[in-house]
Structures are given as structure tokens and as C-alpha cells.
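J.: only geometry, no sequence info:
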């Protein structure tokens, strides 16, 4: 019979529905932060006494801060606690909103908007909390709902900003943002539990700084290229700075023990292809929002515009947002039944249909709304699939940082889309006016359809095994704990590269971890019980053992004993040769390793990676030589080298 204390704790456990609702609302807040100032941009130059280019920094500042904050906050969430980082982000966002409302000057407004950009990290961290706290059967629908609230938040932001501005003044939009953030902060504290899945260690400050600089330079160049000139010195210098910083960052991240971003995991085909598809989907999605509002507001004299007010045009976007919410359960079911890969391809295919339809049907407000809604439905399905694919392909202890990288990739796609749309609309205009022609809109529709098609192709190369969501514990993972340890050689030096995999005793996968440069690994176990743990290091025989987890022993080391080798003897006329030079070459001729035989004529080399090789022996005195071909797999190989007599060589 459970104790009264345990019963009290159980009764205070928030329901999955409450957790889902609070986390999904965070997506709405993120979307509001991105769109609230957009309708006011034409008026801000007059209000603040700045130029239109200066006013655009109200969007750029948020873009840059969100790009920098998302990977840093996501990695910190994996290390220090996911709910804790959500609270930090919301507190910063609220502070920024208050600062913008009270500051009264352009500088304070820019600072406030930059702080609001921290809200973008709420999405990847919130999705990771869903993985930790929700039952398996609710995961797909919850992620789909969170993706849908992004759409409804964007749709609400445009008309809401217009109403607030006209009724209460521009400061009111920031007070509303502060109020919404405060309420969500309170809800997170009261409803969302703190996950026990953490990866303690040293934060990669150097990697974070270099990545932040590279992202800031890249996105600033993309966002300002149209106004500054794509061939201007500032833009070219920014692109160059981004390239140099990334060129320095990648090798550093591959060497550091606990990197800011695990590039080896990110390079795995399921993660890489999903991120590539995310970049393209982000490009296609943002074009829909930008073009729809512009077309609805352009003068009717253009032949395709409808001359609607900002508020009315914003209200026309509401059906798109509502459709995303309505289709959230459908997205979850597609993911649950067919897997994330199929859902991603289906969502992109719906977007293609929507964009092709918009090319041919544009002469009424209804056709514009329907086309926009179709694209939004496809976006909802695709966006719901991406986190599912990512979380199914990365270790549990890296879900927040992996989702953060995926969100960052999507934001790069949306930024690129904004720049591309602006470039096309300003280059294809009507007569002597500066208004874009509908041919410009068609060009962008085709570009978005092409990007969606390319995302289908990228998703096609995601391995089918990655489409199924990782088996989860039957109920809410309240007991999930992280077990750490090291993979070591017999002399206790760390072995890397290496991987530790955890399975249930019936063979179902639980988690896996790539070993860092110090030999450390971290895996999440769903509770006490027996698990099969397998350690595999390059060049060593793998080790498997049953680990009986009692819920308290949080360390388990592996000591690999058997090193895989290429070995044998060198002899001449039946006599062992000491000091003979034995060289291993790839079949294509590249040098791999060289060693000398010992006093007994025995040589030993570490087993190379699987492939075809040539091994040679050179006598130290007579310089007689011989060579043999061999094929290496993942087993030790013995090759005895016997040099022929000089007379045999001559006759040959």
C-alpha cells in the first residue's frame, strides 16, 4: 500500500494534458514575439525619429539574439535542467518587453527586442520536456500541437498588433507581451516538472562564443544584404567572417571533450537529412506568410492585390493558424502510424500542392486564403515530424541541444526566405512603379514549391529505422535517470571513438551515447531493472554485459580487454627474421602504418578500418621483400610473411 507521502506526491503530479497545454502555449508566445512589431514597422520611423532601415533592426535584433540563444540555451537545458532554462528564457523575455515598453527611445527598444529573442529557445526545450514527461502514445500529438500553436501565434500577432496600436498606442504591444510572458512563466513553474535527464559536465564556452559570432555574422549578412547591397563590403566581410569562424569552430568541436554541438551525431544520416529538410521547409514556410499579407494589402490597381488594411489582412491569416491546430491530431496520428519520415514527406507534398495552386488561383480573397491554408497544413505536418525524427536519432541526454540545432537550421531557412522574397519582389516590378508584379509572386511560389520538393528528396534518404519513435517507458518517465561512466582500455586510458548502447533484455532499444574524448558516456534509463549494455570502440572487441540498475548506482565503467590486431610472423627460408620492416598500405597505395618484427620475428599492428590492404615485409640485411593482399573486416587478422629465396626471385 503506498505511503501517504507517495500518494500526496502522486496527486500533485501534473497531468500530461496540462503539461502539453503549457508547453504548447510557449510556441504561441514565441510566434507573437516574432510578429507583433511587423505591422508597426512602417510607422516606427516617424514614431522614433529614425530611418526605415534603422527601424528594420527591430526585427533583425530579435533574429540575431534568437539564433545565438537557441543553441546555447538548448545545450544548457541538457546540462542544468530543462524547466530551469525555460524559466530563465521567459524571465529574460519579460524583462525585454518591459524595457521596450518603458524605455521610450530607439536604443532601449532594440535592446528589449533582442532580449525578447531568447523566447525562441522555448520551442526546442519544450519539445524535449515533452519527450521526458509524456507517455509514448501522446508524444506525436503533443509535438504536433506545439508546432500548430506557432502558426496560430503568427496569425494572431498581425491583427492583434494593429488593434493594440490603434487603441492603446505602440507601447501596449510590449505590455501585452510582458503580461503573456509572466502568465506563462507562472504556469511553467506550477505545472511543468523538472526533468531528471541531465548530462553534467563542463559547458563549452569557447565553442559557444565562436558559434555565436559565426551565426550573428551569417544572419546579419543575409538579413541586411538586400538593403546594404549583396556585393557591398560590409556584407562580403560578414560572409567571410562567418566562413572563417565556422572553419575554426568545426575542428575545435571535434576535439573538445564536451562540445557545444555534437557534430558526429549531427552528421549521422537521419539527423543530417532531417536538418537539411528542415532548412528547406523553413524557407518554403516563411514565403507563405510574407507573400499572403503583402498580396492582401497591395493596391487593387496592381490587378492581383486587394487593398486590405493591416488588421483585415491579419484576420485573413487566422484560418491558416486554426487549420494547423485542427490538423495537429492528424499529424500526430500520421507520425504514430506511419512514422516521422512519411509525415515529413507528406507535409512537404501538401506544401507543393498549395504553392502550385497559388500560382494559378489568385483572383479572389477566398482563393488566397485557401492556398495559404493548404500550405500551412503541410507546414504543420512537416514541423511535427522534424522533432520526432531528431529525437529518434540522438541520445536521450542530447534531445534539447539536438532540437535546438534543428530550430536554428529552420530559422536560417526563414531568414534566407525573407532575403530571397525581398530580392525577387523588388527586382520584378510593374512599369515605372516600385510595386512588385504578380510574376514576382509567381517566381517566389515556384521557388517555395521547389524548396518543398527538395525537402521531399532529403527526407527520402532518411533511413526508415529512424522514422519510428524511440520506444518509451509505458508511463510518464518520472523515474528516468542518467547513468554515466567511461569506456577504458586495460591500462585505464580512455578509448575513443566508442559508443555505448543500452537495450532492454527483450532486445528493445533504450538509449545510446557516443563517448567523448575523455572516454565519458551518459545514457538515460527509464527505471530500476536489468538492461543489456554494449560498449564498442574502434579497434577493440566489443563488450556486452547485463547491468542490474537499482536506481542508485549511477556509474558503470567498461574495461575493454581484447584489442583487434593485424599480426603474424616474418621469415626467410623457414627462419624467423627479427627487425624486418613490415608496412601496411591501403589497396589504393596510401601508407597506413609501419613496424618492426621483434626478436622472435613477430609483428603486431592495430587493426585498421575495414577494407582492402597490402602488407609488405623487407628483410633488414638482404633487402629481400615480399607483399600480400588481405581483406580486413572487424576481426583480428593473422598474416605470416615468408620472403622467397634470392634464387627463387631471380628465376621468377
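T.: On my side now, so go ahead. None of the values given here were measured: they were computed from a predicted structure.
J.: Enumerate every residue touching the residue nearest the centre of the chain.
T.: By Cα atoms, centre = their mean, the chain has its centre lying nearest to residue 406, at 2.3 Å. Residues near residue 406 by Cβ atoms under 8 Å, 6 or more residues apart in numbering: 124, 274-275, 278, 386-387, 390. No exception for glycine: its C-beta is placed from N, CA and C like everyone else's.
J.: sec struct for residue 107, please.
T.: Per DSSP: H, G, I helix; E, B strand; the rest coil, the secondary structure class of residue 107 is helix.
J.: rewinding a little: so which of the contacts of residue 406 belong to strands?
T.: Judged by DSSP state E, the subset of the contacts of residue 406 located in strands is empty.
J.: Make JSON lines out of these and add neighbour count, pLDDT and distance to residue 445.
T.: Output for the contacts of residue 406, formatted as JSON lines (neighbours: other Cβ atoms under 10 Å; pLDDT from 0 to 100; distance: Cβ to Cβ, whole Å):
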{"residue": "124", "neighbour count": "27", "pLDDT": "92", "distance to residue 445": "30"}
{"residue": "274", "neighbour count": "30", "pLDDT": "95", "distance to residue 445": "25"}
{"residue": "275", "neighbour count": "23", "pLDDT": "95", "distance to residue 445": "25"}
{"residue": "278", "neighbour count": "30", "pLDDT": "94", "distance to residue 445": "21"}
{"residue": "386", "neighbour count": "28", "pLDDT": "92", "distance to residue 445": "23"}
{"residue": "387", "neighbour count": "31", "pLDDT": "91", "distance to residue 445": "27"}
{"residue": "390", "neighbour count": "28", "pLDDT": "93", "distance to residue 445": "29"}
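J.: now, the most widely separated pair of those?
T.: Across the contacts of residue 406, the longest distance by Cβ to Cβ is 13.4 Å; it joins 124 and 274.
J.: thinking again about what came up before, name the element the residue nearest to the centre of the chain belongs to?
T.: helix 399-427 (DSSP states H and E).
J.: Okay, buried residues for that helix please.
T.: The neighbour-count check on helix 399-427 (16 or more other Cβ atoms under 10 Å) flags 399-422, 424-425 as buried.
J.: Next secondary structure element downstream of it?
T.: Heading C-terminal from helix 399-427 (DSSP H and E), you reach helix 438-460.
J.: which regions of the stretch 301-450 of the chain sit below the pLDDT cut-off?
T.: Within the stretch 301-450 of the chain, the ranges that satisfy pLDDT under 70 run 431-433.
J.: how about the lengthiest helix in the chain: buried residues?
T.: Across the chain, the longest stretch assigned as helix under DSSP state H is helix 136-168. Within helix 136-168, the residues that count as buried by 16+ other Cβ under 10 Å are 136, 138-165.
J.: counting contacts, what elements does it pack onto?
T.: Contacts defined by 3 or more Cβ pairs under 8 Å, 6 or more residues apart in numbering; DSSP states H and E place helix 136-168 against helix 16-35, helix 122-133, helix 171-191, helix 310-315, helix 318-326, helix 328-338, helix 365-393.
J.: Mind putting these into a markdown table with distance to residue 580?
T.: Shown next, in a markdown table, are the helices and strands packed on helix 136-168 (distance: least, Cβ to Cβ, whole Å):
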| stretch | distance to residue 580 |
| --- | --- |
| helix 16-35 | 67 |
| helix 122-133 | 57 |
| helix 171-191 | 69 |
| helix 310-315 | 81 |
| helix 318-326 | 71 |
| helix 328-338 | 60 |
| helix 365-393 | 47 |
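J.: and which of the contacts of residue 406 is nearest to residue 434?
T.: For these, the nearest to residue 434 is residue 278 (34.0 Å; Cβ to Cβ).
J.: From residue 644, how far off is that closest one?
T.: According to Cβ to Cβ, to the nearest Å, residue 278 stands 61 Å off from residue 644.
J.: How about residue 374?
T.: 76 Å.
J.: Looking at the two, which has the bigger crowd around it?
T.: Set side by side, residue 374 and residue 644 show more neighbours around residue 374, with 22 against 15, by other Cβ atoms under 10 Å.
J.: quick one, what contacts the more buried one?
T.: Contacts of residue 374 (Cβ under 8 Å, 6+ apart): 350-351, 353-354, 357.
J.: Give me the mean pLDDT for the helix or strand hosting residue 240.
T.: If you go by DSSP H and E, residue 240 is part of helix 233-255. Average pLDDT, helix 233-255: 94.
J.: Kindly report the same for stretch 70-82.
T.: Mean predicted lDDT for stretch 70-82 stands at 92.
J.: right, and the helix or strand after the helix or strand hosting residue 627?
T.: Assigned by DSSP H and E, residue 627 belongs to strand 625-632. Once the chain leaves strand 625-632, the next helix or strand it forms, by DSSP H and E, is strand 637-638.
J.: Good, wrapping up.
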